[in-house]
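Participant: I would like the atomic coordinates for the input below:
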Amino acid sequence: MSSATVSLYASLALATAGAAGFAYTLTHPGVVAGFARSLFETAPDADPTASADAPQAAQAKRPAAERGTVALPAGAYGHFQTEAEINGRTIGVMVDTGASLVALTYDDARRAGIYVNPADFTGIAQTANGTARVAPVTISRIEIGDITVRNVAGVVSERGKSDRTLLGMSFLGRLSRVEMRSGTLVLQE
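Facilitator: Here you go, the predicted structure:
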């Protein structure tokens with residue numbers, strides 16, 4: 001077997017595993033949220049002074065050591081939703097530790113200046129709305145508060161097949177810290 005064939009099979013296996021994780025995330029958000037909570041349970045000596053309710057102005061005046069840190073309070077059903085700047089455009093996202101990649105809805109991708117052609121949809125994912133084809137992309141820049149991550153792997157779902165953009169591990173895995181504190185998700189660059 002040639003090295004090109006082995007590489008092709010490895011790429012297909014990786015894409016299949018990613019699609020399966022993405023599909024499970026979309027069809028079982030409660031299970032994934034519970035797993036994420038148990039995974040990121042905070043130690044008893046965690047900083048009790050951290051607050052997700054600090055006003056924006058107070059966050060802007062944080063010491064340099066705290067810059068690059070964002071605290072997101074849990075919303076409905078324990079989900080962590082926020083707004084991210086994706087390629088300079090404000091997009092509503094749900095943080096999803098069970099998603100391998102950042103998964104953009106078709107409309108959010110276009111809003112962020114990411115355009116895909118029908119031939120780009122080379123992957124398959126099971127979403128809450130059924131099976132969807134996905135197109136692999138690289139997102140130039142994602143920002144949440146003081147956090148900026150560049151060149152992030154992602155996928156774009158077929159138009160109408162995803163309800164929301166998911167901020168998955170291709171973004172979260174590039175951070176130095178992802179931690180749960182009393183119903184608050186703390187992200188640190």
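
Participant: list the residues that contact the residue lying closest to residue 120 once chain neighbours are set aside.
Facilitator: Distances taken as C-beta to C-beta, 6 or more residues apart in numbering place residue 135 nearest to residue 120, at 3.8 Å, with adjacent residues excluded. (Each C-beta comes from the backbone N, C-alpha and C, glycine too.) With contacts defined as C-beta atoms under 8 Å, 6 or more residues apart in numbering, residue 135 is in contact with 116, 120-123, 155-156.

Participant: next helix or strand past the host helix or strand of residue 135?
Facilitator: Taking DSSP states H and E as the criterion, residue 135 maps to strand 130-144. Using DSSP H and E, the helix or strand that follows strand 130-144 towards the C-terminus is strand 147-157.

Participant: buried stuff in that following strand?
Facilitator: Neighbour-count burial for strand 147-157 flags 147, 149, 152-157 (criterion: 16 or more other C-beta atoms under 10 Å).

Participant: do a quick rundown of the helices in this protein.
Facilitator: Here the chain has its helices, by DSSP state H, at 3-27, 29-39, 56-60, 106-111, 169-172.

Participant: what average pLDDT does the first one get?
Facilitator: For helix 3-27, the mean pLDDT works out to 45.

Participant: could you export stretch 138-150 as CSV, CA atoms only?
Facilitator: Extracted in CSV, the C-alpha atoms of stretch 138-150 (Å, rounded to 0.1, in the frame of the first residue of the first chain):
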residue,chain,number,x,y,z
THR,A,138,-10.0,27.5,8.4
ILE,A,139,-11.3,30.5,10.3
SER,A,140,-8.8,33.4,10.2
ARG,A,141,-9.7,34.8,13.7
ILE,A,142,-12.0,34.1,16.6
GLU,A,143,-12.2,36.6,19.5
ILE,A,144,-14.1,36.4,22.8
GLY,A,145,-13.4,39.3,25.0
ASP,A,146,-9.6,39.7,25.4
ILE,A,147,-9.0,36.2,23.8
THR,A,148,-7.9,35.9,20.2
VAL,A,149,-7.2,32.6,18.4
ARG,A,150,-6.1,32.6,14.8
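
Participant: residues in contact with it: which ones?
Facilitator: Outside stretch 138-150, the residues that reach it (C-beta under 8 Å, 6+ apart) are 59, 67-70, 82-88, 102, 104, 112, 114, 151-154, 167, 171, 174-175, 187-189.

Participant: which ones among those residues are found in strands?
Facilitator: For the contacts of stretch 138-150, the ones inside strands are 69-70, 82-86, 102, 104, 151-154, 167, 187-188, with DSSP state E as the criterion.

Participant: from these, which single one is nearest residue 92?
Facilitator: Closest approach to residue 92 among these (C-beta to C-beta): residue 83, at 5.7 Å.

Participant: so how far is residue 167 from that closest one?
Facilitator: Applying C-beta to C-beta, to the nearest Å, the value for residue 83 to residue 167 is 11 Å.

Participant: which residues are common contacts for the two?
Facilitator: Here residue 83 and residue 167 have 93, 144 as joint contacts, going by C-beta under 8 Å, 6+ apart.
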